[in-house]
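In: one predicted model, sequence on top.
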Amino acid sequence: MTSAHASRRCRLLALVVALVAGLATVLGAAIDPAAFFAAWLGAFWYWLALPLGALALLMIHNMTGGEWQASARTALESIAATMPVFILAFVPVLIGLHDLYSWTRTPPSNEWYLNLRFFGIRAAIYFIVWNFFAFWQLRPGRAKGGPSETKSQVLSGIGLILLGYSVTWASIDWIMSIEPDWFSSIYGMMAGSGEFVIALAFALVVITALRGVSGVADEAFRRHIASLAMILLAVDIFWAYTAYSQWVIIWEENLRSEIGWYLERNSPLWRAIIATIVVAHLIVPLLTLVWGPAKRRPRLVRNVAILLLLGGMLHTWWLVLPPFHDPGIAWRAPVALLALGGAWLWLFLWRFERGSWLSVGTKPHLSGAKP
C-alpha cells in the first residue's frame, strides 16, 4: 500500500467520523446547549494546539536550522495551513459565552479586562497574528541564503515572541477565565507548552506512520526522528515542571482563593484521570525517550507520541470541564472532540496529499542528510 493510498483511506475514515460525530454533537447541542458549549470549548482548545505548535516549529527551524525539517516540513506546513479553520471553530464559543463564562453574567472584580468588548478585540488579535504568520510560512518561493533568509529569520524571531504571548493570553482568556476569581501566573506557560507537545506528537505520528507504510526508514530519517523526539521530550519535561510548580505552590499556600481550583479537580474520577495523565504524559515518554537508541526507532517514537496525544486530551478536559458539573458532558466531550477532529483531519490530509511523497533517498536535498 502506498503512502498516498493510505492517506486517502484515512481521509475517508475521518470524513465518516466527522459526519457521524457531527450529527451526535448537533443533537447534544439541541438537548443541552450549556453542556455542548463546554464540550466544544475543550475540543477547540485541543485541536487548536496542532497548527499553533506546527507554526512554532516552523519558525524555530527558520531561526536555528536543522536537517530534521527534511522529514517534517511537509507535515508541519500542512498542519499550519489549517489555521483559518479555527476562526470558524471559534464561532460556537462566541455563541456560548454566557453559558461558558460567569463573568459575562456577573461583572468580576477585574471587569476592565474581562468584558465582552475587550474579550472580542483580544480574540481578533490572536487570530490575526496566528493566521498572518501561518500564511507567511506557507508563502511560495522562499529564498535560501542572502537578505531574504536574514529577513525570514528576523521575522521568525518576532513571530515566536508574538506567538508565545498570544497563546499565553488566549489560554487565560478562553480557559482560565472560566473561573474568573482564580489566577495563576504560570498557567499560560503550562497551557502553551502542553499545546506544543500535542502538535509535535501529532507531527511525529504522521511522519512515522506514512514512512512506515511506504517502507522508508533509512539512517537519515532515523536521525531526523531522533532530533524531533529530543525536542518533544524537552518540551514535555518543561510542561511537567510548570504543572508541578503551579500545584506545589498553590497547595503549600493553601489559600481559600486559590486551593478551590484544585479541590474541584480532586474528585475520584478526576484523580484517576490525573494519574493517567502523569503516566501517559510524563513517565512513559521520559523513561522511553531519554534512552538514545529508542529515539531512533520510528515505531517506538510513534507509540509514545500517540500516548502523549491521549494524555494531552485528558489534560485539556481536566483544565476545561470540572467547573461545569454537568453529567451530559461525559459523552458530549468525546463526541465534540471526534466531530471537530474528524473534520480537521480530513482537511489536513487533503492538504498533505498535495505535498511530496518522495522518499528520503529519492530527494536530492535529503540524501545524506544530517541531524
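Out: All right, it came through fine.

In: which helices and strands does the host helix or strand of residue 348 pack with?
Out: Applying DSSP states H and E as the criterion places residue 348 in helix 329-353. Using 3 or more C-beta pairs under 8 Å, 6 or more residues apart in numbering; DSSP states H and E, the elements in contact with helix 329-353 are helix 3-31, helix 33-64, helix 69-80, helix 85-89. All C-beta atoms are positioned from the backbone trio N, CA, C, and that covers glycine.

In: turn those into TSV, columns for mean neighbour count, distance to residue 206 and mean pLDDT.
Out: Compiled in TSV, the helices and strands packed on helix 329-353 are given as follows (neighbours: other C-beta atoms under 10 Å; distance: least, C-beta to C-beta, whole Å; pLDDT from 0 to 100):
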stretch	mean neighbour count	distance to residue 206	mean pLDDT
helix 3-31	16	9	90
helix 33-64	23	10	95
helix 69-80	23	5	88
helix 85-89	16	17	97
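
In: dump those helices to CSV, plus distance to residue 235.
Out: Compiled in CSV, those are given as follows (distance: least, C-beta to C-beta, whole Å):
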stretch, distance to residue 235
helix 3-31, 26
helix 33-64, 9
helix 69-80, 15
helix 85-89, 21
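
In: could you say which one of these comes nearest to residue 297?
Out: Nearest to residue 297 among the helices and strands packed on helix 329-353 is helix 69-80; the distance by C-beta to C-beta comes to 14.7 Å.

In: kindly format the C-alpha coordinates of that closest one as PDB.
Out: Provided in PDB are the C-alpha atoms of helix 69-80 (Å, rounded to 0.1, in the frame of the first residue of the first chain):
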ATOM      1  CA  GLN A  69      12.900  19.700   8.600                       C
ATOM      2  CA  ALA A  70      13.600  17.500   5.600                       C
ATOM      3  CA  SER A  71      11.300  14.800   7.100                       C
ATOM      4  CA  ALA A  72       8.900  17.100   9.000                       C
ATOM      5  CA  ARG A  73       8.400  20.200   6.900                       C
ATOM      6  CA  THR A  74       5.600  18.900   4.600                       C
ATOM      7  CA  ALA A  75       3.600  17.700   7.600                       C
ATOM      8  CA  LEU A  76       4.200  20.800   9.600                       C
ATOM      9  CA  GLU A  77       3.200  23.100   6.700                       C
ATOM     10  CA  SER A  78       0.100  21.100   6.100                       C
ATOM     11  CA  ILE A  79      -0.900  21.300   9.800                       C
ATOM     12  CA  ALA A  80      -0.200  25.100   9.900                       C
END
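
In: list the contacts for the residue lying closest to residue 353 once chain neighbours are set aside?
Out: Spatial nearest neighbour of residue 353, excluding adjacent residues (C-beta to C-beta, 6 or more residues apart in numbering): residue 7 at 5.5 Å. With contact taken as C-beta atoms under 8 Å, 6 or more residues apart in numbering, residue 7 is in contact with 210, 349, 352-353.
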